[in-house]
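> Got a predicted structure plus its sequence, pasted below:
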Amino acid sequence: QVQLVESGGGLVQAGGSLRLSCAASGRTFSMGWFRQAPGTERDFVAAIKWSGLNTYYADSVKGRFTISRDNAKNTVYLQMNSLKPEDTAVYYCAARKILGLATTPTQYDDWGQGTQVTVSA
């Protein structure tokens with residue numbers, strides 16, 4: 001089992017930026033970011049393959065968020081620009097034990113504890 005630790009969340013005004021990090025205790029294959037607002041399901045945000053060459057985004061964040069990874073550091077990042085109040089949620093990173101991008105929570109094997117992102121209007 002891989003341990004995942006997110007960081008970088010916080011409070012930001014609408015239009016601002018945040019960069020989330022997810023440090024893994026070991027090697028990971030495909031990684032993803034999800035978010036969950038109170039009373040809602042955990043929603044897919046972005047995913048990246050081990051190579052970093054293939055990424056996939058939810059329509060709601062496309063063009064504003066960028067997922068990347070540094071395999072030498074076993075770390076995945078989520079750069080969030082032009083933030084909106086509706087981006088407010090707890091953000092989770094997740095890891096798969098197999099290759100291939102995935103967009104549903106059940107396709108991931110390991111999860112971090114989450115980091116809160118709050119965007120004020």
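Structure's in. What do you need? Numbers count the residues shown, from 1 in each chain.
> to the chain's geometric centre, what's the distance from stretch 55-66?
On the basis of CA atoms, centre = their mean, to the nearest Å, stretch 55-66 sits 11 Å off its chain's mean C-alpha point.
> can you tell me the helix or strand for the spatially most central residue of the chain?
Per CA atoms, centre = their mean, the C-alpha nearest to the average position across the chain is that of Trp33, at 2.4 Å. Using DSSP states H and E, the element containing Trp33 is strand 31-36.
> quick one on the thing from earlier: which one is the residue nearest to the centre of the chain nearest to, not counting chain neighbours?
Excluding the flanking residues, the one nearest Trp33 by CB to CB, 6 or more residues apart in numbering is Val45, at 4.3 Å. C-beta here means a position set from N, CA and C on the backbone, and glycine is covered the same way.
> doesn't Ala72 make contact with Arg27?
No - contact between Arg27 and Ala72 fails when scored by CB atoms under 8 Å: they sit 10.9 Å apart.
> low-confidence ranges in this protein?
Nowhere does the chain drop to pLDDT under 70.
> More neighbours: Arg27 and Ala72, which one.
Between Arg27 and Ala72, counted using other CB atoms under 10 Å, the more crowded position is Arg27 (10 against 6).
> Now for the more buried one: which residues touch it?
Arg27 makes contact with 2, 71, 74, according to CB atoms under 8 Å, 6 or more residues apart in numbering.
> So what's the residue count around Asp109?
By other CB under 10 Å, neighbour count at Asp109 equals 14.
> Just to check, it is in contact with Met31?
No - using CB under 8 Å, Asp109 is not in contact with Met31, being 10.9 Å away.
> Determine the residues that are contacts of both of those two.
Common contact partners of Asp109 and Met31 (CB under 8 Å, 6+ apart): 94-96.
> who touches stretch 44-55?
Under the criterion CB under 8 Å, 6+ apart, residues 28-35, 56-58, 61, 65-69, 71, 76, 78, 91, 99-105 lie in contact with stretch 44-55.
> Would you mark the buried spots in stretch 86-97?
Residues 87-96 are the ones in stretch 86-97 that count as buried (16 or more other CB atoms under 10 Å).
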